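Trainee: show me how the following folds:
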Amino acid sequence: MKLTALAAHTPQAVRAALAGRGWESQPAWFAATGVQPVTILIEGLAEPEREALVHWGVRAGADVLTGEGWGLVSTAASRLAVLARPDRAPAELAALTPEIARFMMTHAEAPRRWSVAGGEIALDRPVVMGIINVTPDSFSDGGHHSTLDAAIARAEQLVLDGAAILDVGGESTRPGAGVVPAPEESARVVPVIEGIVKRKLGTVSVDTRKAEVARRALDAGAVIVNDVSGLSYDRELATVTAAAGAGVVLMHMRGTPDTMDALATYGHVAAEVAAQLRDATDRALAAGIAPGQIAVDPGFGFAKDADQNLRLLDELATIAGVGYPVVVGPSRKRFLGHVTGRPVEDRDRATAVACALAWERGARIFRVHDAALTVEALKLAAAVRPNA
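Mentor: Just a heads-up that it's a prediction; the model follows:
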């Protein structure tokens, strides 16, 4: 008799073991995802629901930990799937069934496409979003691309280096940054977007939290709105995005850039960020934005200290569990300098490593300053962990 420990962090290990013993590819993959361990936290449980969950766990062989109003379940995905079926779940847990069903759908198959104005972006491979800051005061590259010629040259280099999306921003969101009036912000970004579109350099995103700026950017040819406020700064932005059929990135941030550092207080950062991102997606859906248009961003560096950013990176699967494509923007952030000791201009290698780790944990879109290093790191990460 011989015992071999298989890698528990990926279903590919089980799939390979089954395929090597005669299973066909598709059944092997379904079985592998079914035995994959999952852990979920359920909050807002009434006492009868909590008791029913404990009893179900005993019968199902699932580990269930509970306290007043909450339950934590850890088991194989196939066992948890029972709670997603109204005909098999305990009657006391009927209110939980839709949430479990939603989670199981996401767990079984992550989003493979992202709808943007006029088309779709495939997510079966890593997608790099190159940063073009046309600002005088951004934390990393402020003033470097503030002229039209410099911004276009930057766009051309990003595309040559492998960026699929060009994210144009005209307002700094560094800690302590103030508000740029919408007309001034529009004057910065619109000519650049028009120039990129005219030259057919690539898909364009506008980095703004203001409806007026987004409207003008979309008219100029942008197809994505990247909102650091998660539709909480300017509620009209959701309406503008919905009307254009644009993709939208909903980022997590507490407060505003000038107040966020004082709000970095969490009990469990990943779970709290995920809950607040769900609130943002609810705002988007209520405004008429289609589910397929939505992507979420945990907001590295926004109202989070170094340890919280590192914990969030490690637990990024919790953000993927919200059910939408995950965008990450760790590029040159302070927490990378905290770990490496490198100054802001020398953090691109650390950025590439962070992006590779994020891919393994469910991120699919990577917003960075240096596309070349990140593309190379992501090629390796995707080869090791394909988007099955």
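Trainee: only C-alpha atoms for contact and neighbour calcs from this point on.
Mentor: Will do.
Trainee: can you tell me how far Gln293 sits from Lys333?
Mentor: Between Gln293 and Lys333 the distance, using C-alpha to C-alpha, to the nearest Å, works out to 27 Å.
Trainee: all strands for this protein, in order.
Mentor: For the chain, the strands defined by DSSP state E occupy 37-43, 63-67, 70-76, 113-116, 119-122, 127-133, 165-169, 203-207, 224-227, 247-251, 294-297, 327-328, 365-368.
Trainee: how about low-confidence regions in the protein?
Mentor: The chain contains residues with pLDDT under 70 at 137-145, 388.
Trainee: what's the domain layout of it?
Mentor: According to automatic domain parsing, the chain comprises the domains 1-35, 39-108, 113-384.
Trainee: what's the most buried one of the ones you listed?
Mentor: Of all those, domain 113-384 carries the top mean neighbour count, a mean of 20, counting by mean count of other C-alpha atoms under 10 Å.
Trainee: and that domain, end to end?
Mentor: Using C-alpha to C-alpha, the distance between the terminal residues of domain 113-384 is 21 Å.
Trainee: ok now it, how far from the chain's centre?
Mentor: 9 Å (C-alpha atoms, centre = their mean, to the nearest Å).
Trainee: try stretch 98-114
Mentor: 14 Å.
Trainee: mind telling me which residue is nearest the centre of the protein?
Mentor: Val326 (2.1 Å; C-alpha atoms, centre = their mean).
Trainee: residue contacts, it?
Mentor: Taking C-alpha atoms under 8 Å, 6 or more residues apart in numbering as the criterion, Val326 is in contact with Ala295, Val296, Asp297, Ile319, Ala320, Gly362, Ala363, Arg364, Ile365.
Trainee: then Asp261?
Mentor: Pro175, Phe302, Ala303, Lys304, Asp305.
Trainee: now Pro111: how far from Glu212?
Mentor: Relative to Glu212, and taking C-alpha to C-alpha, Pro111 is found at 30 Å.
Trainee: could you do His268 as well?
Mentor: 36 Å.
Trainee: also Pro98?
Mentor: For Pro98, the distance to Glu212 - C-alpha to C-alpha - is 37 Å.
Trainee: how about Pro37?
Mentor: 46 Å.
Trainee: then Ala94?
Mentor: The value you get for Ala94 to Glu212, if C-alpha to C-alpha is used, is 44 Å.
Trainee: likewise Asp314?
Mentor: Applying C-alpha to C-alpha to Asp314 and Glu212 gives a distance of 36 Å.
Trainee: repeat that for Met104.
Mentor: 38 Å.
Trainee: next one: Gly195
Mentor: In terms of C-alpha to C-alpha, Gly195 sits 20 Å off from Glu212.
Trainee: ditto for Ala246
Mentor: 15 Å.
Trainee: repeat that for Thr351.
Mentor: Per C-alpha to C-alpha, Thr351 is found 32 Å from Glu212.
Trainee: what does Val206 give?
Mentor: Counting by C-alpha to C-alpha - Val206 and Glu212 are separated by 12 Å.
Trainee: now swap in Ile193 and tell me
Mentor: Relative to Glu212, and taking C-alpha to C-alpha, Ile193 is found at 15 Å.
Trainee: what of Val35?
Mentor: Distance check for Val35 against Glu212: by C-alpha to C-alpha, it reads 49 Å.
Trainee: endpoint to endpoint, stretch 135-149 covers what distance?
Mentor: Across stretch 135-149, first to last residue, C-alpha to C-alpha, it's 14 Å.
Trainee: start the count at 102 instead of 1 going forward.
Mentor: That works, and once the first residue is 102, the last one we named lands at stretch 236-250.
Trainee: for His181, list the residues it contacts.
Mentor: Just to correct that, residue 181 is Leu rather than His. Per C-alpha under 8 Å, 6+ apart, neighbours of Leu181: Ile201.
Trainee: separation between the nearest residue to Lys480 once chain neighbours are set aside and Glu373?
Mentor: Excluding the flanking residues, the one nearest Lys480 by C-alpha to C-alpha, 6 or more residues apart in numbering is Pro227, at 7.8 Å. Using C-alpha to C-alpha, Pro227 is found at 26 Å from Glu373.
Trainee: surely Leu474 touches Ala451?
Mentor: No: counting by C-alpha atoms under 8 Å, Leu474 stays clear of Ala451, with 9.7 Å between them.
Trainee: what touches both of these two?
Mentor: By C-alpha under 8 Å, 6+ apart, no residue touches both Leu474 and Ala451.
Trainee: okay, helices next: where are they in the stretch 152-301 of the chain?
Mentor: Using DSSP state H, counting those that start in this stretch, the helices of the stretch 152-301 of the chain run over 178-181, 198-209, 249-261, 283-299.
Trainee: ok, the residue lying closest to Gly277 once chain neighbours are set aside - contacts?
Mentor: Nearest residue to Gly277, sequence neighbours excluded (C-alpha to C-alpha, 6+ apart): Asp359, at 3.7 Å. Contacts for Asp359 (C-alpha under 8 Å, 6+ apart) come out as Pro276, Gly277, Ala278, Gly279.
Trainee: which ones are touching the second one?
Mentor: Applying C-alpha under 8 Å, 6+ apart, one finds that Gly277 lies in contact with Pro358, Asp359, Thr360.
Trainee: want to throw these into JSON lines with distance to Ile253?
Mentor: Compiled in JSON lines, the contacts of Gly277 are given as follows (distance: C-alpha to C-alpha, whole Å):
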{"residue": "Pro358", "distance to Ile253": "27"}
{"residue": "Asp359", "distance to Ile253": "30"}
{"residue": "Thr360", "distance to Ile253": "33"}
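Trainee: relative to Ala114, how far out is the residue nearest to Lys480?
Mentor: In terms of C-alpha to C-alpha, Pro227 sits 22 Å off from Ala114.
Trainee: for Gly346, same thing?
Mentor: 40 Å.
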